[in-house]
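Peer 1: The following block contains a protein sequence and its predicted model.
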Amino acid sequence: MTHPGSGELRRAIDEPGHAPEVLAHASECDQCGTELERLRADAGFCAAALEGAVAPDAESAYRRVHSRAIQPAAFANFAQPARSFSPSCSRRWAAMRVHF
Amino acid sequence: MVAATTLIGPAAETFERLFAREYRRVVSIAYRITADAGEAEDVAQEVFVRLARSPRLPDEASPYWLYRAAAHAALNAVRARKRRALRERREFLLLQSLRAAGEHSADPQALLQREQGRAAVRAALLRLNARDAEVLALRYGGLSYAELAGVLQIPPAQVGMRLARAERAFKKEIERDTSR
């Protein structure tokens, strides 16, 4: 067998059943065995750095997504806070109340 | 104008099935990059909202668009996290966890180190090129080699090479960071 590439060796680490001949070759070939160990170390390093399990609540997430997705774009502005009265406007209202 | 025209009739059922099947995986992919469960869920929900508002839902059998969108949106979220408000939030959360650790006799120093380690990992992911960060998020988010080939639109034989290259680059970035 010719020397497998790094990609084949990398896959053999994750999916050893995919091409058993690759691992068999690496066990007999110093060059490929060294490369396999280097790749295994890199993979182990990344797995440790990027590990972590998440258990999201899909049902409540679906309700949130659904309510956001069906919100008509035309009503989006209603979510914005109402514009406040300017001081001059308030003064005019105050003046009108006096006259009433 | 109603934005979500796809969520009507059979399309709504398709969307619901896709959501039920893929939501956890999309969160998992985003989590590899954000390292924050809440932020990963926000990213995943944003991806599904965009999907629901798109004029056409993807083929149910190949939801690769979702995986890719999750990785990209998570990278964008982490980039945005650099801004001041999110940094403050992280500091607040760290303070809270340190306080909680103090109350429960855990080691606050270990917690601080863990939090710094996570920050170093996110920073290294951002320094990688987007293709490498994407392949790491997808693989460690749970995709098989066959699925990765589909998502990245490359022959299955090239997946191992892309992954090995990304892992090498990631490790170098972390080591460079810690050797400073």
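Peer 2: Yep, that arrived.

Peer 1: Please make it C-alpha for all contacts and neighbour counts, starting now.
Peer 2: Fine.

Peer 1: tell me the mean pLDDT for the longest helix along chain B?
Peer 2: When chain B is parsed with DSSP state H, its longest helix is helix B:10-34. For helix B:10-34, mean pLDDT is 90.

Peer 1: Would the helix or strand following that helix count as contacting chain A?
Peer 2: Using DSSP states H and E, the next helix or strand after helix B:10-34 towards the C-terminus is helix B:37-53. Yes. Applying CA under 8 Å from any CA of the partner chain, one finds that helix B:37-53 is in contact with chain A at B:37, B:41, B:45, B:46, B:48, B:49, B:50, B:52, B:53.

Peer 1: hang on, isn't the third one packed against residue A:65?
Peer 2: Right, the one you point to is residue B:45. Yes. With contacts counted by CA atoms under 8 Å, residue B:45 reaches residue A:65, the gap being 5.9 Å.

Peer 1: These two: which has the busier surroundings?
Peer 2: residue B:45 (25 against 22; other CA atoms under 10 Å in any protein chain shown).

Peer 1: Contact residues of chain B facing chain A?
Peer 2: B:1-4, B:7, B:19-20, B:23-24, B:27-28, B:31-33, B:35, B:37, B:41, B:45-46, B:48-50, B:52-53, B:118, B:121, B:140, B:145, B:157-164, B:167-168, B:170-171.

Peer 1: for the longest helix seen in chain A, packing partners?
Peer 2: In chain A, taking DSSP H as the definition, the longest helix is helix A:30-49. Applying 3 or more CA pairs under 8 Å, 6 or more residues apart in numbering or on different chains; DSSP states H and E, we find helix A:30-49 packed against helix A:6-14, helix A:20-28, helix B:156-178.

Peer 1: For it, buried residues please.
Peer 2: A:32, A:33, A:35, A:36, A:39, A:40, A:42, A:43, A:45, A:46, A:49 (16 or more other CA atoms under 10 Å in any protein chain shown).

Peer 1: mind listing what the nearest residue to the fifth one once chain neighbours are set aside touches?
Peer 2: Looking back up the chat, that one is residue A:39. Using CA to CA, 6 or more residues apart in numbering or on different chains and skipping residues adjacent in sequence, the residue nearest residue A:39 is residue A:10, 6.3 Å away. Residue A:10 makes contacts with A:36, A:39, A:40, B:160, B:161, B:163, B:164, as judged by CA atoms under 8 Å, 6 or more residues apart in numbering or on different chains.

Peer 1: and if you look at residue B:121?
Peer 2: A:49, A:50, B:174.

Peer 1: Same check on residue B:174?
Peer 2: With CA under 8 Å, 6+ apart, residue B:174 has these contacts: B:120, B:121, B:124.

Peer 1: Next to chain B, which bits of chain A? Give me the list.
Peer 2: So far as CA under 8 Å from any CA goes, chain A lies against chain B at A:5-11, A:39, A:42-43, A:45-47, A:49-56, A:58, A:61-62, A:64-66, A:68-74.

Peer 1: And the residues you listed, which of them are buried?
Peer 2: The buried subset of the residues of chain A next to chain B - by 16+ other CA under 10 Å - is A:6-11, A:39, A:42-43, A:45-46, A:49-50, A:54, A:56, A:58, A:61-62, A:65-66, A:68-70.
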